[in-house]
Every structure is written in structure tokens, then in C-alpha cells.
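K.L.:
Provided below are the primary sequence and the corresponding predicted coordinates.
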Amino acid sequence: MTLDTLPARSVSNSLPFDTLAAQPADALLSLIALYRADDRPQKIDLGVGVFRDDAGDTPVMHAVKAAEAALLKTQVTKSYLGAEGDAAYTALLEGIVFGDPTAGERLNGVQTPGGTGALRLGAELLARANREAQVWIGTPTWPNHAPIFAEAGLSTRSHRFHDAASGHIDFDAMLYDLAAARAGDILLLHGCCHNPTGSDFTPEQWQAVADLCAARGLIPFVDLAYQGLGDGLAEDAAATRMIFDALPTALLAYSCDKNFGLYRERVGALWALSANSAIAERVRSNMLSLARSLWSMPPDHGAAIVRTILENDALRADWRDELDAMRARLNGLRAALAATHPRLSAIADQRGMFAMLPLTPEAVAALREEHGIYMAGNGRINIAGLRADTVPVFAQALRPHLEALNGNA
Ligand code: PMP
């Protein structure tokens with residue numbers, strides 16, 4: 001008798017799964033399926049959040065290919081590294097993220113499976129330190145943020161930060177909502193290239209955020225998933241560096257999956273800043289013990305690629321050049337789209353891969369059905385899904401929906 005032929009009813013321990021409620025499918029994955037099934041040749045995919053070049057591809061970066069070739073030749077073992085992953089990778093990346101770090105022994109970094117793993121490890125660490133802490137998350141945000149903290153056992157609160165109609169930050173609304181935050185609460189911040197709005201704080205607003213955290217005892221948790229895709233590597237890390245300089249305690253979840261184009265390799269890191277080196281040592285031991293139970297050790301290949309690139313001057317320069325070109329493409333498309341309608345002007349000032357268009361769900365559906373233009377239901381578009389020649393096509397399809405907003409204003 002095989003397992004397949006066992007009558008289901010004779011299995012007496014089947015009850016636990018009966019209690020599970022079905023979960024909603026990922027909305028963006030459903031959108032991919034719809035896009036694939038659409039046979040109109042002029043269809044435009046602005047849904048999925050990956051970089052695309054002018055041909056619509058998400059290519060492997062040159063430096064990544066070269067690093068993979070080098071690894072194939074030189075790697076002599078795949079034996080375990082340990083819960084912290086590749087320490088040389090984390091140390092080299094620390095230079096890219098923090099410049100010349102001044103925090104020294106107060107700063108702990110470990111490799112993680114992507115930015116998601118970094119956020120989850122940070123959430124577990126914070127939950128272990130203080131179960132009562134609430135995590136404040138600006139809306140809208142990356143849809144995975146709240147579930148990551150909630151699954152780690154922390155309660156989440158949302159605060160306003162963005163005015164959808166103008167596409168600009170509403171800093172007063174954010175400060176108003178954060179008046180309800182308690183000492184020890186966590187404030188989640190997008191380090192640059194906000195997903196989904198593209199709206200980042202000005203340096204003055206960042207300073208006010210740091211002052212607020214200091215005055216109210218809030219712990220900033222920066223999520224930096226797009227360094228180099230906004231204004232430049234150093235520019236995009238400036239806010240993170242300022243926060244880490246200004247406060248005794250802070251966390252940073254980092255992803256290399258966009259700026260090295262390594263998505264499926266799952267490359268990230270978590271840094272935690274502690275008030276002094278004795279606390280930092282305890283923090284490190286907790287980061288490692290949590291990582292051990294979550295994934296034992298992070299996947300090596302992607303981090304080994306990033307290490308190989310960063311330790312070789314020629315590969316590093318090649319990577320930076322290609323990243324510069326990716327950023328120039330995004331910012332060029334932003335300027336072109338913003339110029340097509342006054343309602344879109346904020347897009348030129350925003351940064352990164354995404355923008356939120358002021359569209360109703362009906363307008364989003366109409367664009368899909370009538371023009372084969374695919375975007376997330378909330379009006380988020382991936383700027384990299386456009387091309388110089390499709391910007392005017394997209395703008396023309398958008399125009400009646402933007403004019404309708406004017407009529408309603
Ligand atoms: N944070 C933000 C804001 C993101 O947009 C993403 C990826 N979409 C992540 C974190 C997670 O990145 P990763 O794919 O490296 O897990």
C-alpha cells in the first residue's frame with residue numbers, strides 16, 4: 001500500500017490543517033498571469049517590480065556574469081559558513097552603505113536572505129527585545145512590511161505621510177499621527193526610492209525624523225532596498241548615514257537584489273546599531289541565534305557574487321557604471337512622463353522604480369482592458385516598464401483619466 005492509496009479518513013491527525021483559512025493570492029502574481037495571457041503586441045507591463053532595460057528585459061549585470069565566471073573557477077568548497085553568512089561580503093558592503101563607518105564596535109552586520117530576510121530578522125530581534133513595541137509604518141508602503149512584523153509577533157500601526165492627489169509628502173500629517181507613538185516603538189523608514197510612492201523626505205525632513213526619534217525614544221528601522229537607483233550610491237545612503245550618526249540605536253535592512261540585479265539569489269544584510277559595545281555584543285549573539293533558527297545560514301551564491309565584485313576594482317567600476325546607466329534610464333523616463341501632463345509633474349521629483357498615479361480602480365481596469373496597460377490595482381507603476389517610445393502611448397491612454405480628476409477637483 002502506498003501513501004496515495006491510504007483512505008484519507010483513516011488519517012486521524014488531519015485536524016490541524018482544517019483550521020487554516022485560505023489566504024488571498026498575491027495580487028501582482030495574478031497580474032503577471034493576466035499580462036502573459038494578453039496577446040496584444042502593444043501591451044505594456046508596468047506591474048512587476050523589477051528593473052527593465054530598453055528592450056524590456058531584466059538582464060544579468062555584466063559584473064555579475066564576470067563574478068560568477070570567476071567563482072566557478074576559483075571556488076573550492078561549498079561547505080557551511082555559519083549563521084552570519086559571508087563576513088567579507090558584509091564588511092565590503094558596509095563600506096558602500098555607511099561610507100567610513102564611525103560606529104565601530106557598536107555596529108553589527110550579518111548577511112540575510114534578501115531585504116525580506118533582513119526585515120524579518122530585525123523584526124524577530126526587536127520582538128525578542130520588547131514584545132510591547134509597536135511598529136509604525138507609513139501608508140502606502142510595500143505590502144510585505146506589515147505582515148513581516150506581524151508574523152514576528154509585533155503589533156503594527158499605520159501613519160499618514162503622503163498626499164495621493166499631489167504626489168508630495170504630507171509631513172505634518174505624519175508628525176500628527178506619530179504623536180501617538182510611545183517610547184520604545186519602532187519607526188519603519190524607506191531609506192530612498194520609496195516603494196510605492198517614489199516620494200522621499202528632504203534632508204530637513206530626515207533631520208526632523210531623527211530629532212523626533214531622539215526626543216520620543218523611537219527606534220528607526222531603515223529599509224534600504226534601492227541604493228544607487230535614486231540619485232547615486234552616496235546620495236541614496238545619506239539619510240541612513242545621518243540616522244545612524246544621530247541616534248544610539250537603529251536598524252538597517254538592506255537589499256542587493258535591485259542594485260545588483262540579483263533578485264532570485266536573495267542577497268541582503270541586517271545592521272543593528274547599539275548604544276555601546278557591550279550591548280552590541282549581546283545584540284550580535286541574538287541576531288545569530290535567531291538567524292540560526294530561521295534559516296541556519298543564508299544562501300551563499302549571491303553574496304559571493306557581490307563580494308567578488310566589491311573586492312575587485314575593475315568589477316566594482318563596471319558595476320557602478322551599469323548602475324549609473326540604470327539610474328539615468330529611470331530618471332530620464334521620469335522626466336519624460338512628468339512632462340506629459342501637469343497632474344504627473346511630481347514624478348520628475350520622485351525617485352526610484354515606482355510612482356503612484358492618482359487613478360481609481362476603475363481607471364486601472366479600463367487601462368488594462370482597453371489599452372493592454374498593466375499596473376497594480378492601487379495605481380502603482382514600475383517606471384522601468386516604460387520606454388522612450390511607449391511614454392507618449394501611455395500618456396495618451398492616461399489623459400482622459402487624469403482630465404476626469406480635474407473635472408472632479
Ligand atoms: N523593501 C522594499 C521597500 C522593497 O521594495 C523590497 C522588494 N520589493 C524589499 C524590501 C525586499 O527585497 P528582497 O527582494 O531583497 O527581499
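P.N.:
The structure has been received and is ready for your questions. None of the values given here were measured: they were computed from a predicted structure.
K.L.:
let me see the mean pLDDT of the helix ranked longest in the chain.
P.N.:
Criterion DSSP state H: the longest helix present in the chain is helix 313-338. Mean pLDDT, helix 313-338: 98.
K.L.:
ok but Ala91 is inside a helix, no?
P.N.:
Yes: under DSSP: H, G, I helix; E, B strand; the rest coil, Ala91 sits within a helix.
K.L.:
quick check: the gap between it and the ligand.
P.N.:
Using Cβ to the nearest ligand atom, to the nearest Å, Ala91 is found at 19 Å from the ligand. (C-beta placed from N, C-alpha, C; glycine too.)
K.L.:
also Thr156?
P.N.:
Taken as Cβ to the nearest ligand atom, the span from Thr156 to the ligand is 15 Å.
K.L.:
okay, Gly372: pLDDT?
P.N.:
So Gly372 comes in at 96 (pLDDT).
K.L.:
and the closest residue to it other than its chain neighbours, how far from Leu189?
P.N.:
Nearest non-adjacent residue to Gly372, counting by Cβ to Cβ, 6 or more residues apart in numbering: Lys43, 3.5 Å away. Counting by Cβ to Cβ, to the nearest Å, the gap from Lys43 to Leu189 is 36 Å.
K.L.:
comparing those two, which residue is more hemmed in?
P.N.:
Higher neighbour count among Lys43 and Leu189: Leu189, with 26 against 15, using other Cβ atoms under 10 Å.
K.L.:
that one pairs with what?
P.N.:
Val222 (DSSP bridges).
K.L.:
contacts only, for it.
P.N.:
Val209, Pro220, Phe221, Val222, Asp223, Ala239, Ile243 (Cβ atoms under 8 Å, 6 or more residues apart in numbering).
K.L.:
from these, which is closest to the ligand?
P.N.:
Asp223 (4.7 Å; Cβ to the nearest ligand atom).
K.L.:
so that closest one sits against Gly191, correct?
P.N.:
Yes: Asp223 is within contact range of Gly191, at 6.4 Å (criterion: Cβ atoms under 8 Å).
K.L.:
overlap of the contact sets of these two?
P.N.:
The contact lists of Asp223 and Gly191 share Leu252, where a contact means Cβ under 8 Å, 6+ apart.
K.L.:
which of the contacts of Leu189 are close to the ligand?
P.N.:
Asp223 (Cβ under 6 Å from any ligand atom).
K.L.:
Serialize the contacts of Leu189 to JSON lines and add fields for neighbour count.
P.N.:
Converted to JSON lines, the contacts of Leu189 look like this (neighbours: other Cβ atoms under 10 Å):
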{"residue": "Val209", "neighbour count": "23"}
{"residue": "Pro220", "neighbour count": "25"}
{"residue": "Phe221", "neighbour count": "26"}
{"residue": "Val222", "neighbour count": "24"}
{"residue": "Asp223", "neighbour count": "26"}
{"residue": "Ala239", "neighbour count": "25"}
{"residue": "Ile243", "neighbour count": "24"}
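K.L.:
which member of the contacts of Leu189 is positioned nearest Asn286?
P.N.:
Phe221 (15.6 Å; Cβ to Cβ).
K.L.:
nearest spatial neighbour of the closest one, skipping sequence neighbours?
P.N.:
Nearest to Phe221 is Leu251, by Cβ to Cβ, 6+ apart, at 4.4 Å.
K.L.:
any idea whether that neighbour is helix, strand or coil?
P.N.:
strand.
K.L.:
that one reaches Gly122, doesn't it?
P.N.:
Yes: the pair Leu251 / Gly122 is scored as a contact, 4.7 Å apart, by Cβ under 8 Å.
K.L.:
shared neighbours of the two, anything?
P.N.:
Phe221, Leu270, Ala272.
K.L.:
who's in contact with the first one?
P.N.:
In other words, Phe221. Gly122, Leu126, Val135, Ile186, Leu187, Leu188, Leu189, Ala250, Leu251, Leu252, Ala253.
K.L.:
check those residues and tell me the two furthest apart.
P.N.:
Most distant of the contacts of Phe221, by Cβ to Cβ, are Val135 and Leu252, 15.2 Å apart.
K.L.:
neighbour count: the two, which is higher?
P.N.:
Using other Cβ under 10 Å, the more surrounded residue of Val135 and Leu252 is Leu252, with 27 against 24.
K.L.:
give me the pLDDT value at the more buried one.
P.N.:
Value for Leu252, per-residue pLDDT: 98.
K.L.:
beta-bridge partners for it, please?
P.N.:
Val222, Trp271.
K.L.:
how near is it to Gly268?
P.N.:
For Leu252 relative to Gly268 (Cβ to Cβ), the value is 10 Å.
K.L.:
what do these two both touch?
P.N.:
With Cβ under 8 Å, 6+ apart as the test, Leu252 and Gly268 both reach Ala118.
K.L.:
list the contacts for Ala215?
P.N.:
Per Cβ under 8 Å, 6+ apart, neighbours of Ala215: none.
K.L.:
sorry, back to before: nearest to Ile373 among the shared contacts of Leu251 and Gly122?
P.N.:
Nearest member of the shared contacts of Leu251 and Gly122 to Ile373, counting by Cβ to Cβ, is Phe221, at 34.9 Å.
K.L.:
any residue of stretch 122-135 touching the ligand?
P.N.:
No: Stretch 122-135 is not in contact with the ligand by Cβ under 6 Å from any ligand atom; minimum separation 11.4 Å.
K.L.:
export that stretch to CSV, keeping only CA atoms.
P.N.:
Output of stretch 122-135 as CSV, limited to C-alpha atoms (Å, rounded to 0.1, in the frame of the first residue of the first chain):
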residue,chain,number,x,y,z
GLY,A,122,15.3,42.7,12.6
ALA,A,123,11.6,42.2,13.5
GLU,A,124,12.4,39.0,15.4
LEU,A,125,15.3,40.8,17.2
LEU,A,126,13.0,43.7,18.2
ALA,A,127,10.2,41.3,19.3
ARG,A,128,12.7,39.4,21.4
ALA,A,129,13.9,42.6,23.0
ASN,A,130,10.5,44.1,23.6
ARG,A,131,7.2,42.4,22.8
GLU,A,132,5.3,45.6,23.6
ALA,A,133,6.9,47.7,21.0
GLN,A,134,4.6,48.9,18.2
VAL,A,135,5.9,49.2,14.6
